[in-house]
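Colleague: One predicted model, sequence on top.
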Amino acid sequence: MFKKSLYVLIGIAIVGVAMFGCSATSSFTSSKDPGVLGSSEVTMSGAASFTGGKVEVNLSSLIKGTGEVLTLEKGRFNVYVGKDGVPTVDWGSVDFAMPTDTDKPIDMVFILDNTGSMGGSITGAINSIVAFSASLEADKVDAKFALVTFGDSALHPTPAGYITSESFTDASYVRPILNFTDAATLKTTLETVHADAGGDGPENPLDAIMHAYNNFTWRSGAQKVIVVITDINGHQNVAGDTSSDNKCLTSIEAVALNLAGKAVVYAVSPNYSTDQSPYCDVRRLADGLGEGRATPLSNTGGKWVNFNTSYDLTDLGISAVVSKGYKFTFDYSFADGTWWVHILVDTDGDGVMDSELLIKIIVSGGTGSSSIKSATVVESRPLSESEIIRLQTIKQ
């Protein structure tokens, strides 16, 4: 298995929600946290909520480097809680309940390249999206669907005639977008999509991803799934990308940072065997590979499928995200301050915890009991090396 360097995720959300599954025991055991790993075999993403003295954690599916979806088992899964300022090796474990009903709502955005080079494959891409979304609804999955079509522009929907350079316009018609809806409405919108223009080779999937993430109406508690379909690499806002058609406002590192622990990206893209610098390979946002790498970089834990004219979106294993999402609960009383929930998983059953998720909870207005008056939401992001060292060593 591949190790991900310094990729510890923080997933956050403190809101009142309905509880699922069986109730957790409230005992606090004396066993101690073995400490922050600093790298993970499997990228974990999720969020937490608190109400009535119970913490509920929602985890997205865990996908191994082979594409296999990991089944969580209690003996290979530990949970610890500690206060900031206390090293992780002094954090104590909690007893938790693993519910049997793991299905979760899913909000899925398709980020679709519809530039001219997609002319020979846009019909297949549209048909695969239509068939896949309809199949999820037919299986009674609680799913909503959205769409962003993109070229070089960072504006969505991209206006007709938007100029990217003196030689090219981004599109001769408005590149459509669609907020979350049902499969039938998605199909109707996709019927208006065709391949058009786009200027130079690389396009701009990154701003399309962030537009959807920042502007669409994601449901509270739903899994956030982003599916990118493109036949080319992407522009990014870096010094080396000097193309006059480059209108990208962000970088792939920044997108990975923003989505870490909060949304899972799946990619249908070319199988690059060489470095794409200064451009980017969207596969990195999925499993962290691509661009000739033997080991993954920071990513969101999704799966990648090679782009061609006959790919099947079911190969992405998105339905497994729905069936293998997890909710579990435990009891805890938080006083004011910053707290951490540390989740450790043994992904290969060898008795060694090799993957982790850190959830940061900032409590204010508490009374020292399980009643929390308010909490601050902290954005998910990977921990820096200095933060990992701090959690491992600094004492109150």
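Modeller: Looks like it came in fine.
Colleague: can you give me the helices in the stretch 201-350 of the chain?
Modeller: For the stretch 201-350 of the chain, the helices defined by DSSP state H, counting those that start in this stretch occupy 205-215, 252-259, 283-286, 318-323.
Colleague: Let me have the ones you listed in CSV, extended by mean pLDDT and mean neighbour count.
Modeller: C-beta: built from backbone N, CA, C; applies to glycine. Putting the helices of the stretch 201-350 of the chain into CSV (pLDDT from 0 to 100; neighbours: other Cβ atoms under 10 Å) gives the following:
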stretch, mean pLDDT, mean neighbour count
helix 205-215, 96, 22
helix 252-259, 89, 20
helix 283-286, 92, 30
helix 318-323, 64, 20
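Colleague: Any idea which of these gets closest to residue 342?
Modeller: Proximity to residue 342, assessed across those by Cβ to Cβ, is greatest for helix 252-259 (20.4 Å).
Colleague: so where's the stretch 151-300 of the chain shaky on pLDDT?
Modeller: 164-168 (pLDDT under 70).
Colleague: and with 80 instead?
Modeller: 161-171, 198-199, 221, 260-262, 294-296, 298 (pLDDT under 80).
Colleague: From residue 40, how far off is the spatially closest residue to residue 70 that is not a sequence neighbour?
Modeller: Among residues not flanking residue 70 along the chain, residue 62 sits closest, at 4.1 Å (Cβ to Cβ, 6 or more residues apart in numbering). Noted for residue 62: a distance of 10 Å to residue 40, by Cβ to Cβ, to the nearest Å.
Colleague: And for residue 359?
Modeller: Taking Cβ to Cβ as the criterion, residue 359 is separated from residue 40 by 14 Å.
Colleague: Low-confidence bits of the stretch 1-150 of the chain, can you list those?
Modeller: Applying pLDDT under 80 to the stretch 1-150 of the chain picks out residues 1-30, 38-54, 56-74, 97-104.
Colleague: what about stretch 92-109, how long is it end to end?
Modeller: 39 Å (Cα to Cα, to the nearest Å).
Colleague: Ok, stretch 256-263 next?
Modeller: First-to-last distance for stretch 256-263 - Cα to Cα - comes to 10 Å.
Colleague: May I ask you to confirm that the residue nearest to residue 70 is in contact with residue 72?
Modeller: Yes - counting by Cβ atoms under 8 Å, residue 62 does reach residue 72; the two are 7.3 Å apart.
Colleague: Now do the shared contacts for the two.
Modeller: Residues touching both residue 62 and residue 72 (Cβ atoms under 8 Å, 6 or more residues apart in numbering) are residue 345.
Colleague: For these two, indicate the residue with more neighbours.
Modeller: Legend: neighbour count by other Cβ atoms under 10 Å for residue 62 and residue 72, higher for residue 62 (26 against 18).
Colleague: List the residues that contact the more buried one.
Modeller: Shown in contact with residue 62 (Cβ under 8 Å, 6+ apart): 42-44, 69-70, 72, 301, 324, 345, 347, 355.
Colleague: most surrounded residue in those residues?
Modeller: residue 301 (31 neighbours).
Colleague: and the closest residue to it other than its chain neighbours, how far is that from residue 303?
Modeller: Excluding the flanking residues, the one nearest residue 301 by Cβ to Cβ, 6+ apart is residue 43, at 3.3 Å. Distance of residue 43 to residue 303, computed by Cβ to Cβ: 11 Å.
Colleague: Can you check which residues contact both of those two?
Modeller: The contact sets of residue 43 and residue 303 overlap at residue 63 (Cβ under 8 Å, 6+ apart).
Colleague: any shared contact partners between residue 62 and residue 40?
Modeller: With Cβ under 8 Å, 6+ apart as the test, residue 62 and residue 40 both reach residue 355.
Colleague: Does residue 61 touch residue 70 like I think?
Modeller: Yes - using Cβ under 8 Å, residue 61 is in contact with residue 70, at 7.5 Å.
Colleague: Pretty sure residue 212 sits against residue 109.
Modeller: Yes - with contact defined as Cβ under 8 Å, residue 212 and residue 109 form a contacting pair (4.4 Å).
Colleague: In contact with residue 160, which residues?
Modeller: So residue 160 contacts 171-174 (Cβ under 8 Å, 6+ apart).
Colleague: at 10 Å what do you get?
Modeller: When contacts are counted by Cβ atoms under 10 Å, 6 or more residues apart in numbering, residue 160 touches 169-175, 196-197.
Colleague: For stretch 56-63, measure first residue to last.
Modeller: One end of stretch 56-63 sits 22 Å from the other (Cα to Cα).
Colleague: if we can go back for a sec, for residue 212 and residue 109, list the residues in contact with both.
Modeller: 146-148, 177-180, 218, 224, 226, 263.
Colleague: need these in CSV with neighbour count and distance to residue 335, can you?
Modeller: Shown next, in CSV, are the shared contacts of residue 212 and residue 109 (neighbours: other Cβ atoms under 10 Å; distance: Cβ to Cβ, whole Å):
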residue, neighbour count, distance to residue 335
146, 22, 40
147, 25, 45
148, 28, 43
177, 21, 45
178, 20, 45
179, 16, 40
180, 20, 38
218, 20, 31
224, 22, 31
226, 28, 37
263, 24, 31
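Colleague: In CSV, list those along with distance to residue 250.
Modeller: Shown next, in CSV, are the shared contacts of residue 212 and residue 109 (distance: Cβ to Cβ, whole Å):
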residue, distance to residue 250
146, 19
147, 20
148, 14
177, 18
178, 22
179, 21
180, 23
218, 19
224, 18
226, 14
263, 15
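Colleague: Let me know the closest of those to residue 48.
Modeller: Nearest to residue 48 among the shared contacts of residue 212 and residue 109 is residue 224, at 15.0 Å by Cβ to Cβ.
Colleague: Sitting in strands, which of the shared contacts of residue 212 and residue 109 do you find?
Modeller: 146-148, 177-180, 224, 226 (DSSP state E).
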